[in-house]
Structure formats: structure tokens, C-alpha cells
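In: Sequence and predicted structure are below.
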Amino acid sequence: MEQVGEGNETAFRRLFEHYYQKLFHLALFFLHSKEFAEECVSDVFVILWRKRELFREVDDVEKYLYTTVKNQALHYIRRDKTLDNEYLELYEVEAIEEEDNPEKALLQHEQVELIQAAIYSLPEKCREVFRLVMQGDLKHREIAELLGISEKTVEAHVASAYKRVAEYVNREYNRLGKRIPLFLLFF
């Protein structure tokens, strides 16, 4: 951070390369648009470079970057009301096909859609925490700091999300009179 503050472009490039992907996923979570997410993260790094002297005073770089990207994304949403109306699946479930069978492919596609619908049916804060956890880039402590909640609350949201998703999937399969695939029993 000291090197970035002094204007070392190589240190800044390393910082950018290390954090860009994680910050992009965070911005995508809020903005639901790849283009806006890329723009948001780029803006943060441009601002950071312009005010690099102030960066020396930052104690926790990761927390600072996550908070800055979150705030920038929220600024974009306030500025352009269409952003929060768009819906993009941020957490996609991938089913690995065992063979080239169209019937199995269709069933797997239905299962993926069902799980995504279950995730989308979660309460907003629970869904937000669950998606951040499922991205795998952040620890529970980091998510708690980012969202301004306790680590225990993050854990409670994750447990609740798993339970609710499983109940949703089971309820839909029972309603449709279908047999629940084995892998969904463990979800």
C-alpha cells in the first residue's frame, strides 16, 4: 500500500489484478449487469489511483476495496433506477451431464431452474448473504463486515437459506408428483 501511495504503477497493477475479479463479482451482485459491474470496479480503481496518496492511511485494504465498490454500486443504482429492476442469475447451479442424452439434459435444466427459483424466493437479506457465501470469495467474517451484520447472523442466514431451498425443491417435486433426484436430497 505504501508503494501504491508513492505512485508505483507495478504495485498498483498487482493490486488491481489481485482484487479485480472478486470486486467484479461483488459489483455484479448489486448491479445485475456485467457492463455496469465492470464500469463500477474500473471507476473505483481510477479514483483510487487519482487519490493514491490517501491510500497509505488504509489499514485493511480488502475491507476498504469491498466497501468502496459496494458504495459505488449503490451510487449507480440510485443514479439509474433501471439497474435494480433487471434480474440476472448471479448464482448458477451447474449440472454435469454424464452422457449426451437430450431427456437427461432437459431434466437437469429443469432442476437448475428450480434451484434458482428457490434461491430467488429467499428473503432479500438472506439471498444476499447466501449468494456472497456461494461465490466462495469471502469468509463469513468478511461478509459480516461488508454488510454491517454479525458473523452469527451470516451463519444463521446461510443455514436458513439451505433449509428453505431444500424445502422449496421438495415441495415443488411433491406438488408435481415427481421423484426427487438423489443429488437434490443432499442440497
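Out: Received it, and whenever you're ready, just let me know what you need. Numbers count the residues shown, from 1 in each chain.

In: I'd like to know which helix or strand in the chain has the lowest mean pLDDT.
Out: helix 182-185 (a mean of 45; mean pLDDT, DSSP states H and E).

In: what's the helix or strand for the residue nearest the centre of the chain?
Out: The C-alpha lying nearest the average C-alpha coordinate of the chain belongs to Leu132 (Cα atoms, centre = their mean; 4.2 Å). Leu132 is part of helix 124-135, with elements assigned from DSSP states H and E.

In: which secondary structure elements does that helix contact?
Out: For helix 124-135, the packing partners by 3 or more Cβ pairs under 8 Å, 6 or more residues apart in numbering; DSSP states H and E come out as helix 9-31, helix 102-120, helix 140-147, helix 151-176. Glycine gets a C-beta too; all of them are placed from N, C-alpha and C.

In: Which residues does that helix contact?
Out: Here helix 124-135 makes contact (Cβ atoms under 8 Å, 6 or more residues apart in numbering) with 25-26, 29, 90-91, 119-120, 122, 138, 140, 143, 146-147, 149, 153-154, 157-158, 160-161, 164.

In: Report the buried residues of stretch 131-151.
Out: By 16 or more other Cβ atoms under 10 Å, the buried positions in stretch 131-151 come out as 131-133, 135, 137-138, 140, 142-147.

In: do the same with stretch 39-46
Out: Those would be 40-45, for stretch 39-46 by 16+ other Cβ under 10 Å.
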